[in-house]
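Student: I would like the atomic coordinates for the input below:
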Amino acid sequence: MKKKIFVATFLCFILIPGLTSAFTYNSKEFKHVITQLDMQGHADHDLSTCSIKKIYYDEVVEMLNGGKSEPEIIQSYVDEYGQAALRTPGGGTSGWIAWGMPAAGFGIGTVIVGVWIRKLTLKKAEVNVEAKAGWDSEIEKEIASKTFDEERRKLF
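Tutor: Residues are numbered from 1 along each chain as shown. Coordinates of the predicted model:
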C-alpha cells in the first residue's frame with residue numbers, strides 16, 4: 001500500500017507541472033511568433049505604454065495556451081489582416097505583390113514626374129521660340145525700338 005501511495009504521489013509531482021505549464025511572454029515559441037508579427041505598426045513600441053501591443057501579446061499567449069501551433073497562429077493573423085500582419089511579406093503570389101507594390105508605385109510616380117517636367121520644358125521652349133519669331137525683319141525691329149525709346153524719353 002505504501003508503494004502505491006508513493007508511486008501515485010511521484011506521478012502527481014511529475015504530471016502536475018506538465019499539465020499546468022503555460023506559455024508566457026518569455027517562452028521561446030511566443031517570442032518566435034511575436035517577432036514575425038507587425039501588430040498594425042506597433043511592433044517597435046514599448047509594451048508598457050502601447051495598448052495594441054499588449055492586446056497582441058495576450059492574444060498570442062492565449063492561442064499558444066489553447067493548443068495552436070506557431071504556423072496556425074501566424075496563418076490566423078494573415079487570414080484576418082492579410083500580408084500586412086507580418087513584418088516581412090511571406091512568399092507566394094500575395095507576398096510578391098506586397099513586395100512589388102512599393103516598387104511599382106515608385107516607378108509610376110517617376111514616370112508621372114518625368115512627363116510633367118518634359119511638358120514644362122517644352123512649353124518654355126515654345127514661348128522662347130514665339131518671342132524670337134515676333135519680328136519679321138530687322139527694319140521692323142529697329143522702328144519699334146526707336147518708337148519705344150522716344151516714348152520713354154517723353155515720360156522721363
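Student: Could you give the number of residues near Ala43?
Tutor: For Ala43, the count of nearby residues is 16 (other Cβ atoms under 10 Å). C-beta here means a position set from N, CA and C on the backbone, and glycine is covered the same way.
Student: And the one 4 residues further on, by the same measure?
Tutor: Counted by other Cβ under 10 Å, the residues lying close to Leu47 total 12.
Student: got it, and Gly107?
Tutor: Neighbours of Gly107 under the rule other Cβ under 10 Å: 11.
Student: host element of it?
Tutor: In this assignment (DSSP states H and E), Gly107 forms part of helix 92-132.
Student: for that helix, what is the average pLDDT?
Tutor: Averaging pLDDT along helix 92-132 yields 80.
Student: What of stretch 25-45?
Tutor: For stretch 25-45, the mean pLDDT works out to 82.
Student: could you list every residue that touches Asp149?
Tutor: If you count contacts by Cβ atoms under 8 Å, 6 or more residues apart in numbering, Asp149 has none.
Student: separation between the residue nearest to Tyr57 when sequence neighbours are not counted and Lys124?
Tutor: Leaving aside its sequence neighbours, Tyr57 sits nearest to Tyr25 (Cβ to Cβ, 6 or more residues apart in numbering; 6.2 Å). According to Cβ to Cβ, to the nearest Å, Tyr25 stands 63 Å off from Lys124.
Student: Likewise for Lys141?
Tutor: 23 Å.
Student: and what of Glu142?
Tutor: Distance, Glu142 to Lys124, using Cβ to Cβ: 28 Å.
Student: next one: Gln83
Tutor: Gln83 sits 45 Å away from Lys124, going by Cβ to Cβ.
Student: With Lys3 instead?
Tutor: To Lys124, Lys3 is 103 Å away according to Cβ to Cβ.
Student: The two: which has the busier surroundings?
Tutor: Per other Cβ under 10 Å, whichever of Lys3 and Lys124 has more neighbours is Lys124, with 10 against 7.
Student: Spit out the contact partners of that one.
Tutor: With Cβ under 8 Å, 6+ apart, Lys124 has no contacts at all.
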